[in-house]
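A.B. asks: No sequence on hand, only this structure:
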């Protein structure tokens, strides 16, 4: 089959590889109809996530049709149309029983490697380095889905691929980012980053009852999408004025947002030239893995006793974490890879009800063979790119 | 160097103890090492803690002889692999396999991962899947 593989920093290529086969009873094989490039794939592309190997198939946002099931999979049949959550979760361990699927205790066969980096292993993830298991990803014609009796959600109506594909990751991820903010009505939420996850965090915060949602980004076209499509009430472009903390104060009568969502992660850009330059050098020389401008600003901007919700992906260590602000303001820090399986049914219902049409983020549609162009366009934000969908 | 390893299995102690000594589940390496193994109920609803102490393995036990010489591997790491595989097998009914680690968690694979892409037929035969 054809598959998009990582072959070094800033290089992916579409190659012929063997077709996947069932390896365990609870596996299924999916013939992929649509697959997407995630912002977190850019961290792999840019070479900031360790334990990548040449030949790794990328991709953790995919859907398609079941073409084969293992003996242990009774809830799915050949021909079923499914969306596959990006974390691989067994459904049996203590974490899964508590709906904490992204920290499944069993699905990562490289637990020993993960322990070295994170203290504990976390769940396996499709196409996302060998710390998260070394699983082949879904930017391909077919994928093997382990624990297929737990993850995939059946799509049983005539919604298009683009309307349901993002149940695999970015819609639940944005939603969880908003849910962690403990919105009860009337809050002001600031969302750092108006990429795909940021867009869904904004839309979700509004759905959950926030009164105002402030989008922060350096690209006007993304802020326009946040305002016009996701439902943001205000926007801050830090390319125009880098003092985000001060602007957030102004917009909130000096209080600061009740909660802030980091939808940026480890490769934050920033208007403050000097600190950004220092961090670029540190990251390039691998003396710091995570550039933390967005998270620092989020902590400094958040109102005292507020919540900092981190959904952007970090991979290792960052310098100058503002511990003083964090402690003295009494902030609550919440984060995690999304427990996608916890949200799929609920969010599928929202899509079916017409509460949201997630396809609004799609700006680019390409054939799988053009995946390398898709990565370049997305990375450099060319052609007002927000989200790239690939068709095998 | 640490000589102890532990894992918590999401099942009651009686069941874990029984499975530990059953032919289908017994972790071969830990068994061969003749290490001290203890089972404790975990707090709350968390199942059973299994503690392995290599320092208390029988003097002249097979571990210090043949097994270690043959593999040349770090014994504690292999004990940890065995504990994880036991947990995986008991809790999920199978040992998860990725394309990078098709045999399931193993010290050898941690050092030499396959690329994360499907195995060819001959590779699958070699791995036995």
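C.D. replies: In hand now; what should we look at? Bear in mind the structure is a predicted one, so any value in this text is a computation, not a measurement.
A.B. asks: State the distance from the residue of the stretch 101-250 of chain A found nearest chain B to residue A:46.
C.D. replies: Nearest residue of the stretch 101-250 of chain A to chain B (C-beta to the nearest C-beta) works out as residue A:134 at 2.0 Å. In short, each C-beta sits where N, CA and C put it, glycine included. For residue A:134, the distance to residue A:46 (C-beta to C-beta, to the nearest Å) stands at 20 Å.
A.B. asks: Kindly report the same for residue A:36.
C.D. replies: From residue A:36 over to residue A:46 the distance is 18 Å, taken as C-beta to C-beta.
A.B. asks: And those two? Which one has more around it.
C.D. replies: Taking neighbours as other C-beta atoms under 10 Å in any protein chain shown, residue A:36 and residue A:46 compare with residue A:36 leading, 29 against 15.
A.B. asks: which ones are touching the more buried one?
C.D. replies: Taking C-beta atoms under 8 Å, 6 or more residues apart in numbering or on different chains, we find residue A:36 in contact with A:59, A:61-62, A:165-166, A:168, A:170, A:387-390.
A.B. asks: What values do phi and psi take at it?
C.D. replies: Note on residue A:36: backbone dihedrals following degrees, to the nearest 10 are phi -130, psi 160.
A.B. asks: Could you report the neighbour count for the residue of chain B found nearest chain A?
C.D. replies: Going by C-beta to the nearest C-beta, chain A is nearest to residue B:100 of chain B, at 2.0 Å. Residue B:100 has 28 neighbouring residues, counting by other C-beta under 10 Å.
A.B. asks: what do you get for residue A:153?
C.D. replies: Residue A:153: 21 surrounding residues under other C-beta under 10 Å.
A.B. asks: How about residue A:354?
C.D. replies: Around residue A:354 there are 7 other residues, counting by other C-beta under 10 Å.
A.B. asks: Look up the closest residue to residue A:384, ignoring the ones flanking it.
C.D. replies: residue A:221 (4.3 Å; C-beta to C-beta, 6 or more residues apart in numbering or on different chains).
A.B. asks: quick one, helices of chain B?
C.D. replies: B:13-20, B:28-33, B:66-71, B:75-92, B:107-111, B:121-127 (DSSP state H).
A.B. asks: out of those, deepest packed?
C.D. replies: Greatest average neighbour count among those goes to helix B:75-92 (a mean of 23), per mean count of other C-beta atoms under 10 Å in any protein chain shown.
A.B. asks: Can you check what pLDDT the model gives the spatially most central residue of chain B?
C.D. replies: Centroid check for chain B by C-alpha atoms, centre = their mean gives residue B:82 as the closest residue, at 0.6 Å. Predicted confidence (pLDDT) at residue B:82: the value is 94.
A.B. asks: Return the distance of it relative to residue B:115.
C.D. replies: 26 Å.
A.B. asks: cool, and residue A:282?
C.D. replies: Separation of residue A:282 from residue B:115 (C-beta to C-beta): 30 Å.
A.B. asks: swap in residue A:211?
C.D. replies: Taking C-beta to C-beta as the measure, residue A:211 falls 49 Å from residue B:115.
A.B. asks: so the residue of the stretch 101-250 of chain A closest to chain B sits right up against residue A:110, yeah?
C.D. replies: Yes: contact criterion C-beta atoms under 8 Å: residue A:134 and residue A:110 qualify, at 5.7 Å.
A.B. asks: joint contacts of those two?
C.D. replies: B:98, B:100-101, B:113.
A.B. asks: Can you name the residue of the stretch 201-350 of chain A nearest to chain B?
C.D. replies: Relative to chain B, the nearest point of the stretch 201-350 of chain A is residue A:341 (14.7 Å; C-beta to the nearest C-beta).
A.B. asks: Residue A:22 is in contact with residue A:73, isn't it?
C.D. replies: No: judged on C-beta under 8 Å, residue A:22 makes no contact with residue A:73 at a distance of 9.3 Å.
A.B. asks: Which neighbours do the two have in common?
C.D. replies: Residues touching both residue A:22 and residue A:73 (C-beta under 8 Å, 6+ apart) are residue A:28.
A.B. asks: list the contacts for residue A:294?
C.D. replies: Residue A:294 is in contact with A:192-193, A:262, A:264-265, A:268, A:270, A:312, counting by C-beta under 8 Å, 6+ apart.
A.B. asks: of these, the lowest pLDDT goes to which?
C.D. replies: Minimum pLDDT across the contacts of residue A:294 falls on residue A:270, with 64.
A.B. asks: any idea how the chain splits into domains?
C.D. replies: You didn't say which chain, so I picked chain A. As assigned by automatic domain parsing, chain A contains the domains A:2-168+A:339-391, A:171-335.
A.B. asks: actually it's chain B I care about, not the one you picked
C.D. replies: B:4-96, B:97-129.
A.B. asks: ends of the shortest one, how far apart?
C.D. replies: Distances were taken as C-alpha to C-alpha, to the nearest Å; on that basis the terminal residues of domain B:97-129 are 9 Å apart.
A.B. asks: ok, now the longest one?
C.D. replies: This stretch, domain B:4-96, spans 24 Å end to end (C-alpha to C-alpha).
A.B. asks: Does at least one residue of it sit close to chain A?
C.D. replies: Yes: Domain B:4-96 comes into contact with chain A (C-beta under 8 Å from any C-beta of the partner chain), by way of B:8, B:10, B:45-47, B:77, B:80-81, B:84, B:87-88, B:91-96.
A.B. asks: Filter the contacts of residue A:36 down to the buried ones.
C.D. replies: Listed as buried from those are A:59, A:61-62, A:165-166, A:168, A:170, A:387-390; burial here means 16 or more other C-beta atoms under 10 Å in any protein chain shown.
A.B. asks: For chain B, tell me which of these show up nearby.
C.D. replies: Answer for these near chain B: none qualify (C-beta under 8 Å from any C-beta).
A.B. asks: List just the nearest of those to residue A:319.
C.D. replies: Proximity of these to residue A:319 (C-beta to C-beta) peaks at residue A:170, which lies at 28.4 Å.
A.B. asks: what's the least confident helix or strand in chain A, going by average pLDDT?
C.D. replies: When the helices and strands of chain A are compared on mean pLDDT, DSSP states H and E, helix A:273-284 comes out lowest with a mean of 68.
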